[in-house]
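[1] Give me the fold of what follows.
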Amino acid sequence: MNKIFYLLALLFIPVGSAFSQNVLTAHDAVAIAMENNFDVLLTKKDVIIAKENATYGNAGILPNITANFSQSNSNQNSKQTQSTGEVRELENAKNNSMNYGVSLGWTIFDGFGMFARYEKLNQLKARGDLELKSIILTTVGDVLNMYYTIVLEENLLHTIDSSIVISTDRLKTAENRFQIGKASKLEVLNVQVNLNADQSLRLKKLETIANLKTELNRLMARDLTIDFEVQYEFQFNENLEINALLEQATNQNIELQLIKLDKRLAELEQKDVRSKRLPVVRLNSGYNFSSSESSLGFVSQSNARGLTYGVTASMNIFDGFNQRRSERVAKQMVEKASIQIERSKELINATILKAYQSYVTNISLAKLEERNEKIAKQNLNITLDKYKIGTISAVEFRDAQENYVNAMSRLKEASYQAKLSEIGLKELVGNLDL
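    Numbering: from 1, shown residues only. I've put the predicted structure just below:
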């Protein structure tokens, strides 16, 4: 009996203790995903684009300066009849003109709409940062969920391996009893069937683990064929408090922050729309040079250069009531955003409360299954001793064996669910650490 539990203990020694070079930790998996994950990389590009767009020039605050150049030439046969009756003719008369200069246009007032647009561009930049944080949070959650799912399946594989160890020892015992006439051939065959069933489960579990590793490699955006080991032991935080979680969610939940920012964007849009009721004042200036030559005419050559400047003002008087319509729509968008904030608060709080209840239940189940596993182990120990001396049947021993294996499986499953509940809660409040 001690030999069996010694073998079982060996099975549950983390593989990484012996082969640390192939061990992928949860921290490593997250770090690789943050560097390679395509969703994260794409969102980072969106952040850069939003940052590039948040400029005074894009908001219309800065002036426009333009350089101009034009030149035209002609070669024509001309005939002119003057008021005195004199006729002037010239073949291949050449006419040349050239103009160049610099012009400046600057909108110095547009009802403060330019300042609303500039702040809106900065808010869009902040929104990009929040969206990046949201993608990072989601990716970290996905990676951790997948990682600990692999940990669970690896632990369940070890549970199956322990069952195979027990079944192999049972088979040897049954064969020995058959040889000395204390057991029938049927008993030996039944034990062999049980062993084959365990080995079949092992093959299916290996397939599941291989597929999960492929998916985790995909999340990390690396070679899908890379094999690795995971850390089989993990701890879950038993001390999360609901009041602290709700308070953190108010300040850190990404979805809520995005909706609050959307309300601010709606307010700035409303401000921009209202600005169109006021006049637009624009300064215009330039320095130009012009030159012309004419073979036929009163002036054969002329040149001009100098400064031009002025101011223009315009104001919307009537546009088919579109201004009033735009203002009403903008007002409704602000009110809609306020309602969405309150709705999101209720939804997030309800989601956290339900997730916390699952978390508490899973913590309790993990502790309960830990006690059950110890009881099932003691029961298997006693049953094996009785089986070896022939006081119980192979069927009764198989029941004890299955009870022990199931108890170990439930313990691993309960610990896994407790860990996922912890991850889910932290992701909801916007503070997912490792």
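
[2] Only C-alpha atoms from now on, for both contacts and neighbour counts.
    Will do.

[3] can you give me phi and psi for Leu240?
    phi -70, psi 140 (degrees, to the nearest 10).

[4] so how many other residues sit close to the closest residue to Gln252 other than its chain neighbours?
    What sits nearest to Gln252 in space, not counting adjacent residues and going by Cα to Cα, 6 or more residues apart in numbering, is Gly430, at 5.1 Å. Each residue near Gly430 was counted by other Cα atoms under 10 Å, and the total is 23.

[5] Just to check, Gly430 is in contact with Thr138?
    No: judged on Cα atoms under 8 Å, Gly430 makes no contact with Thr138 at a distance of 9.8 Å.

[6] Other residues contacting stretch 169-189?
    4, 191-192, 388, 394 (Cα atoms under 8 Å, 6 or more residues apart in numbering).

[7] got TSV for the residues you listed, with neighbour count, secondary structure and pLDDT too?
    What follows is the contacts of stretch 169-189, written out as TSV (neighbours: other Cα atoms under 10 Å; DSSP: H, G, I helix; E, B strand; the rest coil; pLDDT from 0 to 100):
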residue	neighbour count	secondary structure	pLDDT
Ile4	15	helix	46
Val191	23	helix	82
Gln192	18	helix	89
Lys388	17	helix	76
Ala394	20	helix	72
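
[8] List just the nearest of those to Ser74.
    Gln192 (106.1 Å; Cα to Cα).

[9] remind me which residues of the stretch 151-300 of the chain are low pLDDT?
    Counting by pLDDT under 70, the stretch 151-300 of the chain shows low-confidence ranges at 294-300.

[10] all strands of it, in order?
    Applying DSSP state E, counting those that start in this stretch to the stretch 151-300 of the chain gives strands spanning 229-230, 280-294.

[11] quick one: strands adjacent to the shortest one?
    Note on strand 229-230: by DSSP bridges, its sheet partners are strand 23-24 (parallel).

[12] How about the contacts made by Leu157?
    202, 205-206 are the contacts of Leu157 under Cα under 8 Å, 6+ apart.

[13] residue nearest the centroid of this protein?
    The residue lying closest to the centre of the chain (Cα atoms, centre = their mean) is Ile135, at 1.8 Å.

[14] Number of residues surrounding Asn68?
    Asn68, neighbours per other Cα under 10 Å, totals 11.

[15] Just the mean pLDDT for the helix or strand containing it, thanks.
    Element membership for Asn68 (DSSP states H and E) is strand 64-81. For strand 64-81, the mean per-residue pLDDT is 80.

[16] now the following helix or strand past that strand, how far from the chain's geometric center?
    Following strand 64-81 in sequence order, the next helix or strand is strand 87-109 (DSSP H and E). What separates the centre of strand 87-109 from the centre of its chain is 58 Å, taken as Cα atoms, centre = their mean, to the nearest Å.

[17] so strand 87-109 versus strand 280-294, what angle?
    Going by axes from the mean of the first three to the mean of the last three Cα atoms, to 10 degrees, strand 87-109 is angled at 160 degrees with respect to strand 280-294.

[18] Run me through the strand neighbours of strand 87-109, direction for each.
    strand 64-81 (antiparallel), strand 280-294 (antiparallel).

[19] As a markdown table, the ones you listed with distance to Glu238 would be great.
    Shown next, in a markdown table, are the strands paired with strand 87-109 (distance: least, Cα to Cα, whole Å):
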| stretch | distance to Glu238 |
| --- | --- |
| strand 64-81 | 62 |
| strand 280-294 | 63 |
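
[20] Which one of the ones you listed lies nearest to Val23?
    The minimum distance between Val23 and those falls on strand 64-81, with 59.5 Å, by Cα to Cα.

[21] What are the boundaries of the helices in the protein?
    2-11, 26-36, 38-53, 56-59, 113-179, 185-219, 242-252, 254-275, 322-388, 394-429 (DSSP state H).

[22] between these, which one is nearest to Phe289?
    helix 56-59 (28.2 Å).
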